[in-house]
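> what follows is a predicted protein model with its sequence.
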Amino acid sequence: MQRTTRRSHLVLLSVASLLLALLVVRTTGLAVVLERDFARAAALAPQDTRVELASALLLFHLGEGRPTPNSLSFALRAAPAAPLALEPALISGAAAAAAGQARRAEALLLEARRRDPRSPLVRAQLLQQYAAAGRVAEAATELAVLARLVPAAAGELFIPQLAFYADDVANRAAYARVLAAHPQVRQALLQHLVAIGEDPDLVIELGVRSRQGTASEEDEAWQMPLVRRLIEAGEVQRAYRLWLRFTGSGAGTGELLHDGAFNQLPRPGPFGWQLSNQGGGVAELGNRPGLVVSYYGREPAELARQLVLLPPGRYRLISKVSGNVPAGTSALSWRLACLRGGGELLNRPLGEVTARTRELTADFAVPSGCTGQSLVLVGNPPEFSKTENVRVHEVQIRRVS
């Protein structure tokens, strides 16, 4: 796998270059003059400590994060008068790193970080040190902080770089602790790992190890995309098992359709009811068991959808409905189709719908090779549009012997 090779080159000179480009020289006293006219400030007070520090940082900037004799000279000359200044420790640390003095470089850069923990420039220098030394936990920490400090670069740079360390088994526990300390970065990283097709078991392990407390709704942001990715890859059964685990829905109920009576809170993801609330109509749970549907009759609409897993065989769909439908005959239908092609298995119009609850049935067969099916309540616009208000009291799927 190329990930190991790519990780070995995670010295990230580009990180420092990017952050240096984002850096703005800001000091006190001469701040306005320095920002508007550095040459004028230097001419007015060439030996002013603030000018020397700004000169050091500017030269460091122009050198793309590589110290020069002049930048180091300015920094060291200003150091006695500015014992808390960032620049002397930062530039001296970078100089030590360039000279191969790793321990001295780290000590100086850590001092620079202590002086200004929010400096992206210092964090980038430390990142390069830790990455070159293969110190995964420390590098991951700097990347996580950089992602927070420079959100504009997080998605394109820091999160993808952080993902390079995800499959480092030896440092998995430390890596997970870093993620746990940075919840927003954790969410972004897990979503990124799903998007790039990382091993689902690895994503789940990291998600569990780095979670603080119990599972939360925020985890849906990576869990449900992971379920959908497995479905797209044809691993529908595995996706279903994960969905049960993520949603706490339990297993072994023997139901062929989840919550056919519409009396539970909606579960996220494709194996629960996905209800429409825009476009051609609205479907929502009522104040008593049942699905309340308003279809406007102006355009085709999918109002409720659920992915089911029916083995090959014969089945019967049973649905109970009532409502207020002009002219009595509804434009709504239950449709069932194989997930990955193979044609429509069922198209059952609701037919006559009145205030009196009515049961409708329809038999269908699932052929072999039809792994996963979509059951959808659809609206088919009539010749003259009309608004329908329908309550689906329940829908069931049963095997037919």
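Done, it's in. Computed from a predicted structure; not experimentally measured. Numbers count the residues shown, from 1 in each chain.
> check contacts around the spatially closest residue to residue 338 that is not a sequence neighbour.
Distances taken as C-beta to C-beta, 6 or more residues apart in numbering place residue 370 nearest to residue 338, at 4.0 Å, with adjacent residues excluded. From N, CA and C alone the C-beta is placed, and that goes for glycine too. Counting by C-beta atoms under 8 Å, 6 or more residues apart in numbering, residue 370 makes contact with 310, 312, 338, 339, 342, 345.
> got a list of what the second one touches?
The contact partners of residue 312, by C-beta under 8 Å, 6+ apart, come to 366, 367, 368, 370.
> now for the host helix or strand of residue 174, which elements pack on it?
With elements taken from DSSP states H and E, the one containing residue 174 is helix 172-181. Secondary structure elements in contact with helix 172-181, counted by 3 or more C-beta pairs under 8 Å, 6 or more residues apart in numbering; DSSP states H and E, are helix 136-149, helix 183-195, helix 200-209.
> and the shortest one, what's buried?
Residues of helix 200-209 classed as buried by neighbour count (16 or more other C-beta atoms under 10 Å): 200, 203, 204, 206, 207.
> and the protein, what are its domains?
2-229, 274-399 (automatic domain parsing).
> quick check, nearest of the buried residues of helix 200-209 to residue 91?
residue 206 (36.6 Å; C-beta to C-beta).
> quick one: the nearest residue to the closest one once chain neighbours are set aside from residue 158, how far?
Distances taken as C-beta to C-beta, 6+ apart place residue 176 nearest to residue 206, at 6.0 Å, with adjacent residues excluded. When distances are taken as C-beta to C-beta, to the nearest Å, residue 176 and residue 158 turn out to be 18 Å apart.
> one more: residue 276?
Remark: distance between residue 276 and residue 158 (C-beta to C-beta) = 37 Å.
> just flag the most distant two among the contacts of residue 312.
Greatest spacing in the contacts of residue 312, by C-beta to C-beta: 366 and 368 (8.3 Å).
> what's the helix or strand containing residue 71 packed up against?
Mapping residue 71 onto the secondary structure by DSSP H and E places it in helix 69-78. The elements that helix 69-78 packs onto, with contact taken as 3+ C-beta pairs under 8 Å, 6+ apart, are helix 49-62, helix 86-98.
> who touches residue 111 in this structure?
For residue 111, the contact set (C-beta under 8 Å, 6+ apart) comprises 89, 93.
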